[in-house]
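[1] Model the structure of this input:
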Amino acid sequence: MTGADLKLPTPAAILEAAEQTIGRGLAAVDDDGQQIYVSSAFCKMVGYTRDELIGARPPFAYWPAEELEAIQCAFALTVEGRAPGGGFELRFARKNGQRFRGHVAIVPMFERGERIGWLASLFEIEERGQLAEPRALLESEQVARREAERARQHMAEEVAVRAALEIERVRLYQEIRLARAEAEAASRAKDVFLAMLGHELRNPLAPILTALQLMQLRDGGACSRERLVIERQVSHLVRLVDDLLDVSRITRGKLELARQPIEIAEIIAKAIEMASTLLEQQRHQLSVAVPLAGLRVDADHARLAQVFCNLVTNAAKYTRPGGHVHVAAQRDGDEIVVRISDDGEGIDPMLLARVFDLFEQGDRTIDRARGGLGLGLTIVRSLVELHGGRVRAHSEGLGTGSEFEVRLPASRGDGAQDAGAPAPQQRSTAPRRAVRVLLVDDNQDAVMMLAEALGTLGYETRVAHDGPSGITAAVDFQPAIAMLDIGLPVMDGYELARRLREQLPSIQLIAMTGYGQDTDRARSRDAGFIHHLVKPFGIQQVAKILAELSG
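    Presented below is the predicted three-dimensional model:
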């Protein structure tokens, strides 16, 4: 009989016979940890069938959770070649939930010199210290237990460190969330404060401006120089308040633009008109090189005029009296380019990179001769970017003057001028007959000055200082128009408006308030107000509105 004729047993049969000889259950895993073999004795010991175990991956069902770390540690020591020769004593779990102690020895399996997996042998230990094994095995198990204990302690320390790091991470995350919430709350409080500040500052400014205009109406020549000084300072205060509120709206993304095609020349003309007082005070020579047509942009007229007014005003502030300010505009491809330059103090190179930052004013002097809050250029950049453009500053250094360049997308229209359109007709702001106007405001100075001014213009007025007295006056006076302060005591302007419309359905309502944000205008419109006047407002503005409403 040759070797080819021999009938050899299968590897599984050899393993089954081996376990009967040594009295142990056998299990094997491949190098990836997948269970590839379990013997009958092993299945009987743990209470699972071969089908339930073959193909499983660690942690295996017969590994109890409380012993998982020790089992993983034993296997890791074996892989690293540091396992004691006698193996390990560990706890295992049967399918029915019972726990038992077993002795495990793990050896590598090789094929053609290459490791292909691991073979583990297991037998159950009835009582600790009563193993039917040689003394050497006991000593090896004790060594293994000590190694496993040290490894378990090491792993426990690592787990403790990781847990501490995770706790610290969670704590930091909570602190960041809390800080963000506090910052958002502070931002909301700041916005509320700025809106309230604007309202409270505008309230006293309103009667001052009205009184000045009333003096002009009554006697234009008396104390003209003094009136001009007061009016100029009031206008400066109004600009400061507007800057504060604009920054608040811009930073919150609440500023909306009312765009329409318009020639850049018209916007720059309005900006120069707004800055003309400062230019005249400083005796500057202003030169303008802006074509009247052909440079049309899609823009919010008022906001873009504010941009160029800020830049011209800035040039006037930082140029010595009698200096030169130049404004030029031209087309550059698909962009309209406007440059405002001066021969003034120039900009320090260290400041140039942050000249558009919030509250930045460069080197502040103790006398604060130039004034302002450092908001103008921040507003300029924000408004230009909202129009889809960009702005940059250039200066060769101190004493060399400066130039600000604004680039805006040209209008998509053809830029043709409207031909043959009739010029707008000027209409008188005085009423053809005595129109009755009810004025309700708790600021007695403001409402009395307004009543006197409207009386001078030919309107018949009646004054009240709160909602209930306003209703009583309306029933008795039967006004055609009512101008109502929103922030009234007892009954606010919105409620008063509703009550007045119930009494006089045809009455026309005008809101007077220190709140001028878009949400405030929308709320007054929803409440039935036809116009929304933000304090302080001019007499001519009021007269024009009253003339329109009275027909």
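[2] give me the number of residues near residue 494?
    18 (other Cβ atoms under 10 Å). C-beta coordinates here come from the backbone N, C-alpha and C atoms, glycine included.
[3] what helix or strand is residue 211 on?
    Using DSSP states H and E, residue 211 falls within helix 135-218.
[4] Return the distance of that helix from the chain's centre.
    Relative to the centre of its chain, helix 135-218 is centred 16 Å away, using Cα atoms, centre = their mean, to the nearest Å.
[5] Residue 313 reaches residue 278, doesn't it?
    Yes. Counting by Cβ atoms under 8 Å, residue 313 touches residue 278, with 5.8 Å between them.
[6] For these two, indicate the residue with more neighbours.
    Between residue 313 and residue 278, residue 313 has the larger neighbour count (other Cβ under 10 Å), namely 21 against 18.
[7] list the contacts for that one?
    By Cβ atoms under 8 Å, 6 or more residues apart in numbering, the contact list for residue 313 reads 275, 278, 376.
[8] Confirm the first one sits in a strand?
    No. Secondary structure assignment (DSSP: H, G, I helix; E, B strand; the rest coil) places residue 275 in helix, not in a strand.
[9] Hmm, it is touching residue 307, no?
    No. The criterion here is Cβ under 8 Å, and residue 275 misses it with residue 307 at 11.7 Å.
[10] Settle it for me: which of the two has more neighbours?
    For residue 275 versus residue 307, neighbours defined as other Cβ under 10 Å are more numerous around residue 307 (28 against 23).
[11] what's the domain layout of the protein?
    Per automatic domain parsing, the domain ranges recorded for the chain read 8-133, 260-409, 436-549.
[12] quick one: average pLDDT of the last one?
    Which is domain 436-549. Per-region confidence: domain 436-549 scores 88 on mean pLDDT.
[13] and residue 484, what does it touch?
    Here residue 484 is in contact with 440-441, 470, 493, 496-497, 500, 509-512, 529 (criterion: Cβ under 8 Å, 6+ apart).
[14] and the next element down the chain from the helix or strand bottoming out on mean pLDDT in the chain?
    Within the chain, no helix or strand scores below helix 11-22, which has a mean of 63 by mean pLDDT, DSSP states H and E. Note on helix 11-22: by DSSP H and E, the next helix or strand toward the C-terminus is strand 25-30.
[15] Please identify the pairing partners of that next one and their relative orientation?
    strand 35-38 (antiparallel), strand 114-125 (antiparallel) (DSSP bridges).
[16] worst average pLDDT in the ones you listed?
    strand 114-125 (a mean of 88).
[17] CA atoms only for the strand or helix carrying residue 75 - export them in PDB, please.
    Following DSSP H and E, the helix or strand that holds residue 75 is helix 68-79. The C-alpha coordinates for helix 68-79 follow below in PDB (Å, rounded to 0.1, in the frame of the first residue of the first chain):
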ATOM      1  CA  LEU A  68     -14.300  41.200  29.100                       C
ATOM      2  CA  GLU A  69     -11.300  43.300  29.900                       C
ATOM      3  CA  ALA A  70      -9.400  40.400  31.400                       C
ATOM      4  CA  ILE A  71     -10.100  38.200  28.400                       C
ATOM      5  CA  GLN A  72      -9.000  40.800  26.000                       C
ATOM      6  CA  CYS A  73      -5.900  41.400  28.100                       C
ATOM      7  CA  ALA A  74      -5.000  37.700  28.100                       C
ATOM      8  CA  PHE A  75      -5.300  37.500  24.300                       C
ATOM      9  CA  ALA A  76      -3.200  40.700  23.900                       C
ATOM     10  CA  LEU A  77      -0.500  39.200  26.100                       C
ATOM     11  CA  THR A  78      -0.500  36.000  24.000                       C
ATOM     12  CA  VAL A  79      -0.300  38.000  20.700                       C
END
